[in-house]
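J.: Let's see this in three dimensions:
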Amino acid sequence: MNAHAATARAERTRPLHIGDHLREWRQRRHLSQLDLAGDAEISARHLSFVETGRAAPSREMVLKLAERLEVPLRERNVLLVSAGFAPAFPQRSLDDPALKSARQAIDLVLRAHEPNPALAYDRHWNLVTANRMVAPLLEGLPPHLLGQPFNILRLAFHPEGLAPRTVNLAEWSAHLLERLHRQCEATADPELLKLYQELKAYRMPARSGPISADNVAIPFKLRHNGDVLSFISTTMVFGTPVDITLQELALETFFPADDLTADRMRQMAASL
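T.: Next up is the predicted model:
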């Protein structure tokens, strides 16, 4: 290995300074130093010094800048450590007693949403838990797609998963990709970026045209036992989390988009 290559490798593996992290997040948010400094109520000169390593920020300043930059809690801990401070935000299991009330709230929402399907998933779209109405819709799918980690997006795009059963696959897959892309932009999570590239590689049909003006939302249309079930979905998150697990958790609830779907889901629930 020549000296230039060795130097380049060392640069890539060297831990980032707090200033490097802040600059990356500021540029990701398309903010100038002046814009961020104004939002954080500090001078642009001082922010420049912090980014170049000529000044060391206080713990409070790191947290304030991270809040203005809308940095996820997981990455706020990275910023704190890179500045020489201890992490501020815990990451607990949902089984932790401290999250008992949050877990109860999740279970309450999932149960109350029956006879319609609802599920909870983590930052990488891996299934955390679901209500009873999800499993019947997945009958007949290969076990390797339903094992751990059970990735919801991979299941939606995979040719052995829900893709062949999805009537409006072009619209639904484009919608999911757009959501994932926005999440990648917001978090810069390498696993999400990897998942995005994986899903883009699946061959999906092109949209036939613009969404009909009669639709209020893009539905999820699924073939099931000779019927086409049509759902619209909503996403719920915890509003004021200070725990990483809770911030990265989302609940997806599906509502019938027509009377047929509502009837079939009630019949399905009665048979369970």
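
J.: contacts and neighbour counts: CA atoms only from here.
T.: OK.

J.: ranges for the strands of this protein?
T.: Here the chain has its strands, by DSSP state E, at 118-121, 127-130, 220-224, 227-237, 250-256.

J.: Not counting sequence-adjacent ones, nearest residue to residue 76?
T.: residue 66 (6.3 Å; Cα to Cα, 6 or more residues apart in numbering).

J.: That neighbour contacts residue 74, correct?
T.: No - using Cα atoms under 8 Å, residue 66 is not in contact with residue 74; the gap is 11.0 Å.

J.: more crowded one of these two?
T.: residue 66 (22 against 19; other Cα atoms under 10 Å).

J.: all helices for this protein, in order.
T.: Ranges of helices within the chain are 3-13, 18-28, 33-40, 44-52, 59-68, 73-82, 100-112, 143-146, 152-157, 169-187, 190-201, 244-247, 259-271, based on DSSP state H.

J.: Could you tell me the average pLDDT over the last one, please?
T.: For helix 259-271, the per-residue pLDDT values average out at 97.

J.: Over to the fourth one?
T.: This predicted structure assigns helix 44-52 an average pLDDT of 96.

J.: And that helix, what's buried?
T.: 44, 46, 47, 48, 50, 51 (16 or more other Cα atoms under 10 Å).

J.: Over to the last one?
T.: Within helix 259-271, the residues that count as buried by 16+ other Cα under 10 Å are 261, 262, 264, 265, 268.

J.: For the residue lying closest to the second one once chain neighbours are set aside, which residues are in contact?
T.: Closest residue to residue 262 in three dimensions, ignoring its sequence neighbours and counting by Cα to Cα, 6+ apart: residue 256, at 5.3 Å. By Cα atoms under 8 Å, 6 or more residues apart in numbering, the contact list for residue 256 reads 116, 229, 230, 231, 232, 262.

J.: run the last query once more with 7 Å
T.: 230, 231, 232, 262 (Cα atoms under 7 Å, 6 or more residues apart in numbering).

J.: nearest residue to the first one other than its sequence neighbours?
T.: Nearest residue to residue 230, sequence neighbours excluded (Cα to Cα, 6+ apart): residue 221, at 4.4 Å.

J.: With the third one instead?
T.: Setting aside the residues directly before and after it, residue 232 is nearest to residue 219 in space (Cα to Cα, 6+ apart), at 4.8 Å.

J.: how close does the one you found get to residue 242?
T.: 33 Å (Cα to Cα, to the nearest Å).

J.: Those two: who's more crowded?
T.: Neighbours per residue, other Cα under 10 Å: of residue 219 and residue 242, the larger number sits with residue 219, 20 against 14.

J.: which residues touch the residue nearest to residue 230?
T.: Contacts of residue 221 (Cα under 7 Å, 6+ apart): 166, 167, 168, 228, 229, 230, 231.
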